[in-house]
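What follows is a predicted protein model with its sequence.
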Amino acid sequence: MRYFGCAYYPEYWGLERIDEDARLMREAGINLVRIGEFAWCRMEPEEGHFTLDWLHRSVEALARHGIDVMMCTPTAAPPGWLTGKYPDTLLVRADGTRASHGGRRHYCPTSSTYRGHVERVVERLTREMSQHSNVVAWQIDNELGHEAGPCHCESCQERFQAWLRERYGSLEELNRCWGTGFWGMDYSAWEQIRLASEGWLAPSRLLDSRRFWSDMWLEFAQQQAAIIRRNHPGARVTTNGMGPIYNAIDYYQLFGGLDVASDDLYFDIGTMDADVAAMNVFRSLKPGQGFWITETGAGALDHGRPPKAEQFRAWAWSSYAHGAEAYMIFRWRTCLSGQEQELQGILEHSGNPGHRYRAVQKCFLEMRRICEQLGELPLPQAPVAIVQDYDVLWTYESSVVGRDVDYPGQIYRLHRELYDRHVVADIIPPERDFSAYRLVILPSLVIVDPDLAARLSAFVEAGGTVLATGQLGLRDANGNYIPAPGPQHLAGLFGVVIQGGMYLHSHVEPDEALWIPAPETGRTPVALTGVLGSQMVGGRTAVWAADLAANGGTSICKFTDGTYAGQPAIVHKATGKGHTLYAGAIGMTDELHSALVGYALSLAAVQPGPETRRHVEVVTRGDVTFVINHTAQSTIVKLGREGKALLGSFRAGAAELPPYGVCIIR
Amino acid sequence: MRYFGCAYYPEYWGLERIDEDARLMREAGINLVRIGEFAWCRMEPEEGHFTLDWLHRSVEALARHGIDVMMCTPTAAPPGWLTGKYPDTLLVRADGTRASHGGRRHYCPTSSTYRGHVERVVERLTREMSQHSNVVAWQIDNELGHEAGPCHCESCQERFQAWLRERYGSLEELNRCWGTGFWGMDYSAWEQIRLASEGWLAPSRLLDSRRFWSDMWLEFAQQQAAIIRRNHPGARVTTNGMGPIYNAIDYYQLFGGLDVASDDLYFDIGTMDADVAAMNVFRSLKPGQGFWITETGAGALDHGRPPKAEQFRAWAWSSYAHGAEAYMIFRWRTCLSGQEQELQGILEHSGNPGHRYRAVQKCFLEMRRICEQLGELPLPQAPVAIVQDYDVLWTYESSVVGRDVDYPGQIYRLHRELYDRHVVADIIPPERDFSAYRLVILPSLVIVDPDLAARLSAFVEAGGTVLATGQLGLRDANGNYIPAPGPQHLAGLFGVVIQGGMYLHSHVEPDEALWIPAPETGRTPVALTGVLGSQMVGGRTAVWAADLAANGGTSICKFTDGTYAGQPAIVHKATGKGHTLYAGAIGMTDELHSALVGYALSLAAVQPGPETRRHVEVVTRGDVTFVINHTAQSTIVKLGREGKALLGSFRAGAAELPPYGVCIIR
Amino acid sequence: MRYFGCAYYPEYWGLERIDEDARLMREAGINLVRIGEFAWCRMEPEEGHFTLDWLHRSVEALARHGIDVMMCTPTAAPPGWLTGKYPDTLLVRADGTRASHGGRRHYCPTSSTYRGHVERVVERLTREMSQHSNVVAWQIDNELGHEAGPCHCESCQERFQAWLRERYGSLEELNRCWGTGFWGMDYSAWEQIRLASEGWLAPSRLLDSRRFWSDMWLEFAQQQAAIIRRNHPGARVTTNGMGPIYNAIDYYQLFGGLDVASDDLYFDIGTMDADVAAMNVFRSLKPGQGFWITETGAGALDHGRPPKAEQFRAWAWSSYAHGAEAYMIFRWRTCLSGQEQELQGILEHSGNPGHRYRAVQKCFLEMRRICEQLGELPLPQAPVAIVQDYDVLWTYESSVVGRDVDYPGQIYRLHRELYDRHVVADIIPPERDFSAYRLVILPSLVIVDPDLAARLSAFVEAGGTVLATGQLGLRDANGNYIPAPGPQHLAGLFGVVIQGGMYLHSHVEPDEALWIPAPETGRTPVALTGVLGSQMVGGRTAVWAADLAANGGTSICKFTDGTYAGQPAIVHKATGKGHTLYAGAIGMTDELHSALVGYALSLAAVQPGPETRRHVEVVTRGDVTFVINHTAQSTIVKLGREGKALLGSFRAGAAELPPYGVCIIR
């Protein structure tokens, strides 16, 4: 771990106790501080009139204590004078109302007026702050995306129409690709096309609206990145993302154009396996490179229970094990006012160090000591990749089946199987090279292009294994169903034909009704049984079942009731040195789902880690094994390796962990 | 069954495989295809420029395969050029925002601009398409009503003000009829009166708003019907309704002015008894005439589980038993794009026939064969009528008690008692002649006019039985309470005085509170006991109890606790050759409710059908008995008749039915 | 009880049967009638044209039957001609849409246009109606407040900006007090500041918005009060409030400026202890003076079950016991139309007397008889005061913790402990003199000023006891956290230091997540144990725990698990002749919470009343004891006093009460 950090707000607290703060930071092991992401109104209190003295003095005070700085561009919070004078910089909601001053992220990213102001402030800030040698990194804006909703202003509408014209060339082509023939929706002028609101209408329009909004954010970030790089060539440029899978911006594209992938990862927002999924996502955004955690909590997020000191430490070590290079607490001191006055910083409201300061200090000093002993470690190596595609995500979000299919949920569920087995997974876009992996998993990859199909084929020929589940190759690039059986381009590789399928919400029996809200269990699962390798398996699937036929592949599991009784449910095919598995089911029962992933791993010759209780992690980086107990019970993990504990207790090949304990073995 | 059909979208699919489609249709037994209900933008891609060639060729291709056509007017989906150029054709929501292109039903039906465009397209279409001899019917628009909400545009406001002026003559009269004296709401100019939004305010205004919107739809439909009849005199004119009871348009008026009553009846939207209620409603819309099912599903509606093939067949036979003359699948092929891409057509997305095609084909060919054997059958004869009044429906929808009283729910519950006993019921408006019935049921007929009272009286004198339940004759034609005890005009016939009543939501005990949400069972039911005929009965009522006195009638059931303890709950009176029963209770327990209906049937000498498990139907048309098992269990029904099975197994007077089985005996 | 009354609407019913109505009223014991609160359109049907003849005749008819009148100003319902001609009088919702005619309370109270019309109608009305000697009181408007939402019109925005300018003097000071430094929200022009909508953004702005709206209502009421007093000096001026604790207007200020505190208290809106809390609040609004109940129900409120006759009587007697001087039924006759057509008046819709008339008559005649025997009684004396502060209420309502902390809920829960023990409590603002009390309770009094601290200190020195619970002295007057440990100004008196605290919503364990909705019990309570006096106690707290240290006080209860294990939870300190107790916990388990209140009462030497079942009240006024059974079970209460029953059965020191029974002993 290179950086131990926190966010700091000298524009809020003033400079009176900055030296004391910096000393307390240093004593807590902090060596990187983030500054400025909302401070525009105090950097430029009037248009063109900059007051950066406080900022220079803050950075210098931190330098005196050996602390580096991540400067932020303040564009997430335009000043009141700006939005007051230039209301076209404010975003417009779907209902036509305009956002107003008094929050954050209320600007329109396509507004050329806003872009001009952004240019000026970022230009000035980068020229000035690049003079400080302890400014080592830049964060663009703050949590880019749709916190206040996507913008529907006239500027965005015009940009959208231009974007569509660029994409489709002609209205004829757009009408064709959007399938406007149904319900008579043909567009006969570009001006007729408006950005879609949320809702079930017009899935193709909604899909392209999402793509457009993502592209606008990319453009917005790139404008700033270009200025920073021009004025401060040595600094690392990033922005703070959210996740595991963030739906408003294609992060593979966004972070592909920046130097570091950074995540704001509050461990109590998701379950622990979702947190690990987030780390696997962000490590995968920039292959071969560690990621940064730009925000995480030391106490209560919002107004829930804060973690215990030992939990905080377990989270920090977990992040290191998964490849984090920076671990930055949000934030130094709990704010007295505003929206986040309950979000606990390291210090109390009073400015006093308390329980949390001591927990952070103990953790950071221990980590700095141990990390020095560990030296540079290779990143954890993932034998498995799960493919996540933004076009697929947005397609599902744009149609009424999305909530059932729960595309991210399918990814998280598959990931959890790997997490439970201590198998590291990358989460990658379909364009990524597969050759480093043993197993590639395609959860409901409903859009498949010929290039991907060819690369998957080559991967299997060369000995790789591909597991596909759910809806595979049934839609085109516009999210429309293909007018042919599926899986498009992959029928040969998987040896299957998908004629269609059925959802399994139940409302067809005589005392049921579509408009009587179904209970949580309002499904009519379909049974399936078969043999995976040498293991007889059975179970049910509850969300969707494929109308499947084997065509070159071998049916190893069949549906045993319902309309598809007797038809294949899971098909295996060996090709070249490798294997494919297709499971035509979403919502499989736990045991069956687990057996399927286990079988895929065995076909791919991927060895699971030692058996542990759930939420006890075993992660390896080079010759170092991290064992981390996220549970409130003590536990013993037999590792099947020799070694010496750098941290914790390791005896006779077994790590002994107290509640939330950590053991590091080399 | 005269017509076996489906909806077809050549404007969407093109004409390349229309001959193959028509052949597959014919082979599936299809002889009627619905075309064009959303195709305006492809009929008239520019204002005044018509391109109907594809339509002519489609109709001709179908003719070549012996298939008739139901042409639709395309007014449910105005083209983008139209709403783009004439935004006053778009509806305005209650919040003042205007609907936009990209869905359907987003037009304002009162807009004179829109009416002009409608005139042009319907005129042209009817002139052209009436030339084809296989065009046998017309559908006006598609599912007329408030899918996008009722319109509040200035045109509608002005029409509403004119409508009120016509209705009330003067503001004085309107203020009097609306009871504006409370809360000081007097109107002193017509312009002050705006259409009501949903909500609890101003019940009288909301009631008249509903009446107005219904009238506007009637006018809109009549405009088109007149053009069609002028240009295509031989064709049957209809529109596709929804139901059982649709609340936005008075269907008795709407279909009274058309040639056929048609329902879009997806059997999985409601429970099976509600589906039968729908068929009873639509058969009752045009007395003595069968109805059409213009849309029904062959597979999944939306994204739930599709029916099994045998279920689909049971539904189809049930519709025939209840008097359907057309059974039209929505839709030929599953669309690839748009809002309804998951709504399964007969063919797969791929265009291939699959499970559903085979199910439809098997069912339709069987029905065509059997129906030919059956010949022309008389409609099922209903000995019982349930009165359903739109003014009552709208009155309840316009006041805060509506959700408790659940007027349609009372009708459905009474209907279910008859359905369970295999007694066919008509569902009729209060104006309908009662003489053909043995029993007339009035569920919470809270508005009663003198003419109705006189006709009921004559009906009873002549030997009929009337059962009234719930709130009877307590309000005037404006939905206001009458300033006198009830039941207005009916006190003599029923021999009762209704002083008032009480709702039974509980929140008066010291640990209860109105604003603490009540649990589902948050009621304080009132007990009642008595003797119905020779049967001692007891039970409770949970929603409402009448403050009732007998006054010429005989109290046969009394309340036994609460404020009304000792007062009558059910009163019987014999008049002339007939009987009346009034039950002053809503929400009776099941057994009591059933006993009450049973007693009314016995007074009316209506014989129930054979005993069966629930959702096993026994329906008679002339000398033919249909026994249909809608359950997943096999069953045996003793019919008490002789005969021969045209379908299924009938031995020794008993029909033996597998799950979803059908037996037809003559 | 001086007044037995009801609301009456001659403008709605006309004058035809006013003599019969007045006779029936008199026979029911009614001696005060409220008239006119919505009748503007019938007082002034055209601008400047008044028609008050009907009103004069109504008041005269009532006078003939010896009935007094409470006249109302009709400003809650502006006429249609007024809002039609002057749309700027209509309120504007947060989304920018303007309210419309057809309901009530849809006006903007800051509109100078509206204020002008109000001036005219109130001036005219008071001049005319003050001539009648039986007009004894005036009600201003009706239920002042935000029924239609707070107004956001431009007039309100300008008034808000002026109000802020007055409050803060400069934008610099406003920015400092609002803490705008976080998220860069500085205001650089007053025009940039808009009234806040509901939501979590900008807590300081929301707090000041609430203060502003309250001030506008005060101003609105004061305008009318001044006119009434000028034109009708002898009459008592009031307005009808809501409660227990109404959040939109500072009632201590509002009723401080009027002659009588009046509550619209429908006993079935809250639980019985909440009803008693309401009466304790309204008696405390004007110290030493009884309160009026201006509206209460005789039957169903909305459409729930009405009370039994005996329940109605128990409520009426309870109100008298707690100090009510008027008890006015809403309303004489059930309206036939409009919003409240199901809200049952004393008469039926028909105008006939029925069950409710008889219940009211029996109750009122009994009360008049007994009250005459009782003569003038002193008010019940409260040995305990609970402090309720509008700034604290609004602070919690303006930040995201409000729903957890549930400030009114804390007050009601403490009040319920006293109610259960038959200890009368006043509910008072922090400015009120404490000297008459033995015990003062401060539930989460998170804002404390030096004056209050000094007065509390003097109170304790002189022998008083103060119990503080929850969050104490942690915020400044702007609702921001203080940059120091708490409790501000009170650390010495309580002998504690509050370093901070933690909320106890659980979402930090590895299978939990912040965004997975927690079950109702989704908390991780913290255990605490200790000794209160001589009683060992233990329990848990579930909402919030203080990070507490004793500093001069004695820890009598400690947290025993979690981060604060071993730290004090409850601290006692003796000072002068008195005591303080601070419990750093919100959401204590019932037994512990009860023991804490019991211990505070014992320190304060406050004697609880006799033991009874819950919801059996024992209340004392002078030498008279009221025992009232609000439950459906009969009960016996040993009073430990001698005396004679004026009502009910009292033998050998024990009152014997049937269900809903009342016993009055002198």
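In hand now; what should we look at?

When you work out contacts or count neighbours from here on, use the C-alpha atoms and nothing else.
Noted.

Which helix or which strand is home to the residue lying closest to A:L442 once chain neighbours are set aside?
If the residues on either side of it in the chain are set aside, A:L442 comes closest to A:A468, at 4.5 Å by CA to CA, 6 or more residues apart in numbering or on different chains. Using DSSP states H and E, A:A468 sits in strand A:465-469.

how far does the lengthiest helix in chain A sit from the chain's center?
Counting by DSSP state H, the longest helix found in chain A is helix A:203-231. Averaging C-alpha positions (CA atoms, centre = their mean, to the nearest Å) puts helix A:203-231 17 Å from its chain's average.

tell me which strands and helices the helix or strand that that helix is followed by is in contact with?
Beyond helix A:203-231 in the direction of the C-terminus, DSSP H and E gives the next helix or strand as strand A:236-238. If contacts are counted by 3 or more CA pairs under 8 Å, 6 or more residues apart in numbering or on different chains; DSSP states H and E, strand A:236-238 sits against strand A:135-139, helix A:203-231.

quick one: strands adjacent to strand A:236-238?
strand A:135-139 (parallel) (DSSP bridges).

which other residues reach the strand holding A:A468?
Applying CA atoms under 8 Å, 6 or more residues apart in numbering or on different chains, the contact partners of strand A:465-469 are A:438-445, A:456, A:459-460, A:578-586, A:600, A:603-604.

close to chain B, is the strand or helix carrying A:V392?
Assigned by DSSP H and E, A:V392 belongs to helix A:390-397. No: contact of helix A:390-397 with chain B is not found when judged by CA under 8 Å from any CA of the partner chain; the minimum separation is 11.3 Å.

quick one, that helix and helix A:203-231 angle?
140 degrees (axes from the mean of the first three to the mean of the last three CA atoms, to 10 degrees).

So what touches helix A:390-397?
Counting by CA under 8 Å, 6+ apart, A:203-204, A:207, A:210-211, A:247, A:250, A:402-403, A:405-408, A:429, A:445-447, A:477, A:479 sit against helix A:390-397.

next helix or strand past that helix?
Counting by DSSP H and E, what follows helix A:390-397 is helix A:402-405.

buried ones in that next one?
Residues of helix A:402-405 classed as buried under the neighbour-count rule (16 or more other CA atoms under 10 Å in any protein chain shown) are A:404-405.

related to what we said a few turns ago, could I get the buried residue list for the helix holding A:V392?
For helix A:390-397, the neighbour count (16+ other CA under 10 Å) marks A:390-397 as buried.

where does the stretch 251-400 of chain A come near chain B, residue by residue?
A:399-400.

Ok, the stretch 1-150 of chain A next?
Checking the stretch 1-150 of chain A against chain B by CA under 8 Å from any CA, the hits are A:D95.

ok, which residues in the stretch 1-150 of chain A are in contact with chain C?
A:9, A:11-12, A:38-42, A:45, A:77-81, A:84, A:97, A:101-104.

next one: the stretch 551-666 of chain A
For the stretch 551-666 of chain A, the residues in contact with chain C (CA under 8 Å from any CA) are A:615, A:630-631.

let's go with 10 Å and repeat that
The stretch 551-666 of chain A comes close to chain C at residues A:614-616, A:629-632, as judged by CA under 10 Å from any CA of the partner chain.

Whichever of the residues you listed end up buried, select them in ChimeraX.
To isolate the buried members of these in ChimeraX, using 16+ other CA under 10 Å:
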select /A:614,615,616,629,630,631
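
For the stretch 401-550 of chain A, which segments count as helices?
Here the stretch 401-550 of chain A has its helices, by DSSP state H, counting those that start in this stretch, at A:402-405, A:407-420, A:450-461, A:491-494.

what comes into contact with the third one?
Okay, so that is helix A:450-461. Here helix A:450-461 makes contact (CA atoms under 10 Å, 6 or more residues apart in numbering or on different chains) with A:430-440, A:462, A:464-466, A:473, A:488-494, A:574-580.

quick one on the thing from earlier: tell me the most buried of the helices and strands packed on strand A:236-238?
Ranked by average neighbour count under the criterion mean count of other CA atoms under 10 Å in any protein chain shown, the helices and strands packed on strand A:236-238 are headed by strand A:135-139 at a mean of 23.

Any part of the helix or strand just after it near chain B?
Going down the chain from strand A:135-139, the next helix or strand is helix A:154-168, by DSSP H and E. No: residues of helix A:154-168 are not located near chain B by CA under 10 Å from any CA, the shortest gap being 13.7 Å.

What is helix A:154-168 packed up against?
Where contact means 3 or more CA pairs under 10 Å, 6 or more residues apart in numbering or on different chains; DSSP states H and E, helix A:154-168 is packed against helix A:171-178, helix A:203-231.

thinking again about what came up before, and the longest helix of chain A, what does it pack against?
Helix A:203-231 sits against helix A:112-129, strand A:135-139, helix A:154-168, helix A:171-178, strand A:236-238, helix A:251-256, helix A:390-397, with contacts defined as 3+ CA pairs under 10 Å, 6+ apart.

what do you get if the cut-off is 6 Å, keeping everything else the same?
helix A:112-129 (3 or more CA pairs under 6 Å, 6 or more residues apart in numbering or on different chains; DSSP states H and E).

tell me the angle the helix it packs on makes with strand A:135-139.
Using the same axes, to 10 degrees: helix A:112-129 against strand A:135-139 is 170 degrees.

if you count residues, which strand in chain A comes out on top?
Ranked by residue count, the top strand of chain A under DSSP state E comes out as strand A:535-550.

neighbouring contacts of the lowest-mean-pLDDT helix or strand in chain A?
Every helix and strand of chain A was ranked by mean pLDDT, DSSP states H and E. The lowest is helix A:402-405, at a mean of 85. The contact list for helix A:402-405 (CA atoms under 6 Å, 6 or more residues apart in numbering or on different chains) reads A:Y396.

Kindly recompute the last result at 8 Å.
For helix A:402-405, the surrounding residues in contact (CA under 8 Å, 6+ apart) are A:396-397, A:543-544, A:586.

same check, this time on stretch A:64-75
Counting by CA under 8 Å, 6+ apart, A:22-23, A:26, A:30-40, A:59, A:62, A:118, A:121-122, A:125, A:129, A:134-142 sit against stretch A:64-75.

run the last query once more with 7 Å
A:22-23, A:26, A:31-40, A:59, A:62, A:118, A:122, A:134-141 (CA atoms under 7 Å, 6 or more residues apart in numbering or on different chains).

go on, stretch A:593-611?
Outside stretch A:593-611, the residues that reach it (CA under 7 Å, 6+ apart) are A:383, A:417, A:421-423, A:438-439, A:464-465, A:467, A:532-533, A:638-639.

same check, this time on stretch A:277-288
For stretch A:277-288, the surrounding residues in contact (CA under 7 Å, 6+ apart) are A:243-244, A:252, A:255-256, A:261-263, A:289-291, A:322-323, A:415, A:425-428.

Any of those residues buried? List them.
In the contacts of stretch A:277-288, the ones that pass as buried (16+ other CA under 10 Å) are A:243-244, A:252, A:255, A:261-263, A:289-291, A:322-323, A:415, A:425-428.

what's near enough to touch whichever residue of the stretch 351-500 of chain A sits closest to chain C?
Relative to chain C, the nearest point of the stretch 351-500 of chain A is A:G351 (6.6 Å; CA to the nearest CA). By CA under 7 Å, 6+ apart, the residues touching A:G351 are A:333, C:483-484.

returning to that earlier point: closest to A:D186 among the contacts of stretch A:593-611?
Using CA to CA, A:L467 comes nearest to A:D186 of these, at 39.5 Å.

hey, what's the closest one bridged with?
A:I441, A:L581.

And for A:I428?
A:V387.
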